[in-house]
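In: what follows is a predicted protein model with its sequence.
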Amino acid sequence: MTALQEYRRLEAIGLWREHAEDQRREVIVALGDVSLVMSSPSGEAIGHWSLPAVERRNPGKRPALYAPAPDSEEELELSDPEMIAAIERICAAIARTRPHPGRLRLYLAGGAILVGVLAAALWLPDAMIRQTVSLLPPAKRLDIGHQLLAEISNIAGRPCGASSGRTALVRLASRTYGPDNPPRIVVFPATIPDTLTLPGDIVVASAALAEDYETPEVFAGYLLAERTRSEATDPVEALLRHAGIGATFRLLTTGDIAAEPIHAHAATLLSHDTMRADESVLLDHFAEVGISSQPYAFAQDVSGESVLGLIEADPLRGQTTEPVLTDGDWVSLQEICTS
């Protein structure tokens, strides 16, 4: 889902609070392609909301009150009519992509016809998976991502949540994925694989990537490798291939997926071996964001033997690079699970 063209990079002043008991503070609200970003007047990023998840708490009233999720204590107050109109139009467009109960029988009938056509044409299961993935709206992708994240929390424990560390994660996401629509990064204690990508632009990362290394370049390298893998394999496609044709057909025809395949896939993600990212594409990403590939390479293999390509073809070799994070942000990120 992309924001309407006339609203690209729209900015307004708003009042934001992180917790219900906090005093509201003035922030600059920027509307991106699929995100709402809050910054302090000095330009410090303090919040990043996904537009498909944003909900209005007082429809029809002014000033408008928004939250990033139904059960969130975080809240944003807006009075600017143009910004409110932009958010309402985009949220309305997202709502139109969601399944409507009144159309369920039509979808089921259409699905039955589709099955007959597919059977007659000997359509392979992977073709149905690709079709389902291509038709899935962003709001449903985010919903599935939140379901997987909840299951990972049930298995691995609650994610780390120090507020200063979350701010540092917002900056790290922008640095490694670019400032336009970076993913939400969620850090868990060091009991999970290094990184995982969930549907809805959610990246799960192990706290060990911050706790076990001296500089943020290594963490950035792991995120770039995850970015490379997720570009090669859609996380929804990975879920459906694991869940099977029955779950795929249900998602295609009803817009829902059962809890069992969600739980099973979350357990698989936490136990699988991480695939190696395509080296040439990964090096292109390092060059794109201006980060040296050598710290990540030596974190993979201290001898350097198995990662010679990343070392010798380092696009920033011998150059002075912009810091990935400030020292203060890096310390906050290293302490995200201890604060």
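Out: Nice, thanks for sending it over. Numbers count the residues shown, from 1 in each chain.

In: ok, residues contacting stretch 267-279?
Out: For stretch 267-279, contacts defined as Cβ atoms under 8 Å, 6 or more residues apart in numbering pick out 148, 151-152, 155-156, 192-196, 224-226, 228-229, 232, 242, 309-310. No exception for glycine: its C-beta is placed from N, CA and C like everyone else's.

In: what about residue 286, which helix or strand?
Out: helix 279-289 (DSSP states H and E).

In: report the buried residues of that helix.
Out: 279, 282-283, 285-286, 289 (16 or more other Cβ atoms under 10 Å).

In: Serialize the residues you listed to CSV and add fields for pLDDT.
Out: Output for those, formatted as CSV (pLDDT from 0 to 100):
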residue, pLDDT
279, 95
282, 96
283, 96
285, 96
286, 96
289, 94
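
In: can you get me a residue count around residue 63?
Out: 13 (other Cβ atoms under 10 Å).

In: my guess is it meets residue 75, correct?
Out: No. If you go by Cβ atoms under 8 Å, residue 63 and residue 75 don't touch, sitting 11.2 Å apart.

In: chain center to stretch 242-260: distance?
Out: 22 Å (Cα atoms, centre = their mean, to the nearest Å).

In: got it, and stretch 162-176?
Out: 13 Å.

In: what do you get for stretch 11-31?
Out: 22 Å.

In: now the end-to-end length of that stretch.
Out: 6 Å (Cα to Cα, to the nearest Å).

In: what are the buried residues along it?
Out: Neighbour-count burial for stretch 11-31 [16+ other Cβ under 10 Å]: 12, 14-18, 27-31.

In: need the contact partners of it.
Out: 3, 7-10, 36-41, 46-47, 63, 73-80, 82-83, 86-87, 163.

In: so which of the residues you listed sit within helices?
Out: Mapping the contacts of stretch 11-31 onto helices (DSSP state H) picks out 82-83, 86-87, 163.

In: so which of those residues is the most crowded?
Out: Result: residue 87 is most packed of the ones in helices among the contacts of stretch 11-31 (other Cβ under 10 Å), 24 neighbours.

In: show the backbone phi and psi for residue 204.
Out: Backbone torsions of residue 204, given as degrees, to the nearest 10, read phi -100, psi 130.

In: count of neighbours near it?
Out: Residue 204: 26 neighbours (other Cβ under 10 Å).

In: what does the one 5 residues further on give?
Out: Residue crowding around residue 209 was assessed by other Cβ under 10 Å; the count is 22.

In: kindly report the same for the one 5 residues further on.
Out: Other residues within reach of residue 214 by the criterion other Cβ under 10 Å amount to 9.

In: helix, strand, or coil at it?
Out: coil (DSSP: H, G, I helix; E, B strand; the rest coil).

In: and residue 16, by the same measure?
Out: strand.

In: what does the pLDDT read for it?
Out: pLDDT for residue 16: 90.

In: that one and residue 76, how far apart?
Out: When Cβ to Cβ, to the nearest Å is the yardstick, residue 16 and residue 76 sit 5 Å from each other.

In: tell me, how many residues neighbour residue 153?
Out: By other Cβ under 10 Å, 15 other residues sit near residue 153.

In: in the stretch 201-339 of the chain, which spans are helices?
Out: Along the stretch 201-339 of the chain, counting by DSSP state H, counting those that start in this stretch, helices occupy 208-211, 216-232, 235-243, 245-254, 259-271, 279-289, 294-300, 308-312, 327-334.

In: got a list of contacts for the second one?
Out: Going back to what we said before, that points to helix 216-232. Under Cβ under 8 Å, 6+ apart, the answer for helix 216-232 is 172-173, 175-177, 185, 194-197, 203, 205, 209-210, 213, 274-275, 277-278, 281-282, 285-286, 289, 291-293, 295-297, 299, 323-325, 329-330, 333.
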